[in-house]
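Undergrad: Sequence and computational prediction follow.
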Amino acid sequence: MKTSAPSSSIEDYVKVIYSFTEWQDKPITSSQLAQRLGVANSSVSEMVRKLKDQGLVDHKPYSAIRLTASGLQLALAMVRRHRLIETYLVQQLGYSWDEVHDEAELLEHAVSDTFIERVAAKLGNPQRDPHGDPIPTADGQVFMPRAHLMGELDQGHTGRITRISDDNPDLLRYLAAEEIDLDAEVEVVGRRPFGGALVVRVRDSGRTRDYDLADEITSALWVHSDRPHPGCLLADAGFPPSSPGA
């Protein structure tokens with residue numbers, strides 16, 4: 001039975017496995033895990049065997065990797081650390097949202113649980129990080145917003161931006177320069193012909209602007225909507241039922 005604290009490598013692995021499935025349902029494969037961690041496939045195979053031996057993942061050869069209950073508990077603790085640190089860096093130390101990921105990667109392994117809980121208290125126990133990702137509670141609860149990828153939305157769809165992927169710092173810097181931020185109200189105007197850009201109207205801080213957004217951008221933005229619009233292609237995909245007369 002394992003009694004020692006998990007290594008930083010183990011913590012990184014379970015966190016990446018969790019994050020991969022947080023906003024979609026497909027489990028991660030060994031090759032995808034290697035790509036995300038920037039390591040060789042052979043290194044992943046060895047570590048996955050170690051994670052399985054410690055009861056943190058379920059895995060069979062040539063199949064996807066899934067966290068066990070123990071693995072999920074560890075992953076949520078690490079995700080909480082990471083996102084609270086990111087939030088603290090932005091709100092208290094003046095970091096921009098494209099700078100915080102790498103800093104949090106280093107700090108999350110070095111600080112104590114007491115430090116993390118005092119950071120949470122200092123910030124008022126925030127529910128999301130600077131990119132809109134939910135921050136798990138201290139007891140491992142996660143409150144996921146109901147949201148769809150912007151690229152999946154059809155003409156006439158409205159909502160507000162509730163999450164922005166932090167995978168690409170250059171994209172975050174572009175969005176910041178264009179003043180496209182969390183909670184901005186959006187409306188899908190249409191799509192340019194021949195597979196062109198998605199035309200999106202953005203309302204934020206009293207301004208309304210139209211943008212031609214490429215697939216790389218719309219695949220990084222999640223939009224929350226309270227209800228479908230007439231003829232909505234996503235009418236049966238997670239919206240609350242309409243009230244009579246609505």
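TA: On my side now, so go ahead. Numbers count the residues shown, from 1 in each chain.
Undergrad: centroid residue for this structure?
TA: D133 (4.6 Å; CA atoms, centre = their mean).
Undergrad: Got the confidence number for it?
TA: Looking at D133, its pLDDT is 97.
Undergrad: May I have the phi/psi pair for it?
TA: Main-chain torsions, D133, degrees, to the nearest 10: phi -70, psi 140.
Undergrad: ok, it - contacts?
TA: E22, R83, R163, D166 (CB atoms under 8 Å, 6 or more residues apart in numbering). C-beta here means a position set from N, CA and C on the backbone, and glycine is covered the same way.
Undergrad: How about the secondary structure of the third one?
TA: This means R163. Judged by DSSP: H, G, I helix; E, B strand; the rest coil, the three-state class of R163 is strand.
Undergrad: For it, grab the count of nearby residues.
TA: By other CB atoms under 10 Å, the residues close to R163 number 23.
Undergrad: For it, give me its contacts.
TA: Taking CB under 8 Å, 6+ apart, one finds W23, H131, G132, D133, P145, A147, L182, L221, W222 in contact with R163.
Undergrad: Show me what it is bridged to.
TA: W222 (DSSP bridges).
Undergrad: Low-confidence stretches in the chain?
TA: 1-4, 235-246 (pLDDT under 70).
Undergrad: mind listing the helices for it?
TA: 8-22, 30-37, 41-53, 69-93, 100-107, 113-122, 169-177, 215-218 (DSSP state H).
Undergrad: for A184, what are its contacts?
TA: A184 touches R160, I161, V202, R203, D204, counting by CB under 8 Å, 6+ apart.
Undergrad: on that earlier part again, could the helices of the chain be laid out in CSV, adding mean neighbour count and distance to T208?
TA: Listed next are the helices of the chain as CSV, based on neighbours: other CB atoms under 10 Å; distance: least, CB to CB, whole Å:
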stretch, mean neighbour count, distance to T208
helix 8-22, 19, 32
helix 30-37, 16, 37
helix 41-53, 15, 47
helix 69-93, 20, 26
helix 100-107, 17, 29
helix 113-122, 14, 36
helix 169-177, 15, 17
helix 215-218, 16, 18
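Undergrad: So for V189, which of these sits nearest?
TA: Closest approach to V189 among the helices of the chain is made by helix 215-218 (12.7 Å; CB to CB).
Undergrad: which secondary structure elements does that closest one contact?
TA: helix 169-177, strand 198-204 (3 or more CB pairs under 8 Å, 6 or more residues apart in numbering; DSSP states H and E).
Undergrad: mind putting the ones you listed in TSV, distance to A138 included?
TA: Below are these laid out as TSV (distance: least, CB to CB, whole Å):
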stretch	distance to A138
helix 169-177	28
strand 198-204	32
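Undergrad: Show me the one of those that comes nearest R66.
TA: helix 169-177 (29.1 Å).
Undergrad: Show me what that closest one is packed up against.
TA: Applying 3+ CB pairs under 8 Å, 6+ apart, one finds that helix 169-177 contacts helix 215-218.
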